[in-house]
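Chemist: predicted model follows, preceded by the sequence.
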Amino acid sequence: MHTIHRRSLFSARHATLAAVCGALLLGGCANMSDTQRHTAIGAGVGAVAGGMIGDGKGAAIGAGVGALGGYAWSRYMENKRIEMERATAGTGVQVTQTPDNQLKLNVPSDISFATGRADLNAGLRPVLDQFASGLGQQPGIEVFIVGHTDSTGNDQINNPLSEARANSVRDYLVSRGVDSRRIRTEGRGPREPVASNATAEGRAQNRRVEIFLAERAQQAPAAAPVAPAPAPAAPVAPPAPYNTPVGTPVR
C-alpha cells in the first residue's frame, strides 16, 4: 500500500513538473503572442497549485484551471501597465504584473495615507485618476483592493483601519466612474508584512495599499449541439386484398 501511495505522489510531481516546464518552454517562443505566453504560464502556475491536491490528477486539473479559467494579459492590460508606470514615476508606487496576469499597484504609506488615518493623501489622487481612466468602458474588468498596516497597535485597531483604507480607495474610484460592482475590498491588518516591523523603514513599507486590476479570459462559446438524425418512418401496411370482406355482415 505504501509503495502504491509513493508511486501516486511521484506521478503527481512529474505531472506538475511537466506542466510547469511546458509552460516555460512555450513562454520562450518568440513567435507567441503575449496572451499565449501568459496563458501557458498560467497553466504552469495552476499545475503547481493542483499538484498539492495530493494525487496524480491534481496537477492536470490545476493546469486546466490555470490555462482556461484565469485572467488574460491582453493588449489593453499591457497598455494599462505602461500608462500606470508613467503616471506613478517618482511616486514610489510599484507597478508589476503578477504570475496570474493581474496588474498590481503597490502604494506605499507616504503617498497613500497619514498614520492612523483612512482619508486619501492628495498625492494618491492623480494616480487613481489615471487608474480609473477608461475602466468604465472595458468589459470583463475586475478590481481588488487590499489594505495593510504595520504591527503597531492591536488587531482591534489595525484590522478596521486597513479595511477603511481599502474602502476609501474604492469610493474614490467609484466617484471617477468605475462600477462599484466590479470592485472588491479587503483589510488584512498586519498579517502580511513585506518588511520587518522592527524598524521605522520596515513599518513604513508594511503600511500600504495594494490595487489589483484583472481582465477575465474570454471563454470560447460552446458548440451548438448537433440534432439527432430523424427516426426512419414506420412502414405503411399494404392495402387489403380486393375480395376481403370489410366490417361485419348484416344478418
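Modeler: Sure, I can see it. Worth saying up front: this structure is predicted, and the values here are computed from it rather than measured.

Chemist: which is the next helix or strand following the helix or strand of the chain with the lowest mean pLDDT?
Modeler: In the chain, the helix or strand scored least confidently by mean pLDDT, DSSP states H and E is helix 57-68, which has a mean of 41. Later in the chain than helix 57-68, the nearest helix or strand by DSSP states H and E is helix 75-87.

Chemist: residues in contact with residue 126?
Modeler: Residues near residue 126 by C-beta atoms under 8 Å, 6 or more residues apart in numbering: residue 87. Every C-beta, even on glycine, is put in place using the N, C-alpha and C of the backbone.

Chemist: pretty sure it sits in a strand.
Modeler: No. Counting by DSSP: H, G, I helix; E, B strand; the rest coil, residue 126 falls outside a strand, being helix.

Chemist: state the pLDDT value of it.
Modeler: Residue 126 is assigned a predicted lDDT (pLDDT) of 95.

Chemist: need the helices for the stretch 51-200 of the chain, in chain order.
Modeler: With helices called from DSSP state H, counting those that start in this stretch, the stretch 51-200 of the chain shows them at 57-68, 75-87, 109-112, 125-132, 155-175, 200-206.

Chemist: Throw those helices into a markdown table and include distance to residue 192, thanks.
Modeler: Output for the helices of the stretch 51-200 of the chain, formatted as a markdown table (distance: least, C-beta to C-beta, whole Å):
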| stretch | distance to residue 192 |
| --- | --- |
| helix 57-68 | 23 |
| helix 75-87 | 22 |
| helix 109-112 | 15 |
| helix 125-132 | 22 |
| helix 155-175 | 10 |
| helix 200-206 | 8 |
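
Chemist: which strand residues bridge residue 95?
Modeler: Residue 95 has these beta-bridge partners by DSSP bridges: residue 105.

Chemist: confirm for me that it is in contact with residue 83.
Modeler: No. If you go by C-beta atoms under 8 Å, residue 95 and residue 83 don't touch, sitting 9.4 Å apart.

Chemist: tell me which of the two has more neighbours.
Modeler: Counted by other C-beta atoms under 10 Å, residue 95 and residue 83 do not tie: residue 95 has more neighbours, with 20 against 15.

Chemist: pLDDT weak spots in the chain?
Modeler: Within the chain, the stretches with pLDDT under 70 are 1-69, 219-227, 234-251.

Chemist: cutoff 80 now
Modeler: For the chain, residues meeting the criterion pLDDT under 80 lie at 1-69, 218-251.

Chemist: which ones are touching residue 167?
Modeler: Contacts of residue 167 (C-beta under 8 Å, 6+ apart): 118, 185.

Chemist: rerun that using 7 Å as the cut-off
Modeler: residue 185 (C-beta atoms under 7 Å, 6 or more residues apart in numbering).

Chemist: the one 10 residues further on now?
Modeler: Applying C-beta under 7 Å, 6+ apart, one finds that residue 177 lies in contact with 132, 136.

Chemist: one more pass at 8 Å, please.
Modeler: 132, 135, 136 are the contacts of residue 177 under C-beta under 8 Å, 6+ apart.

Chemist: buried ones from those residues, can you make that a PyMOL selection?
Modeler: Buried residues among the contacts of residue 177 (16 or more other C-beta atoms under 10 Å), as a PyMOL selection:
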select buried, resi 132+135
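
Chemist: next, format the contacts of residue 177 as TSV and append distance to residue 153.
Modeler: Shown next, in TSV, are these (distance: C-beta to C-beta, whole Å):
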residue	distance to residue 153
132	31
135	34
136	37
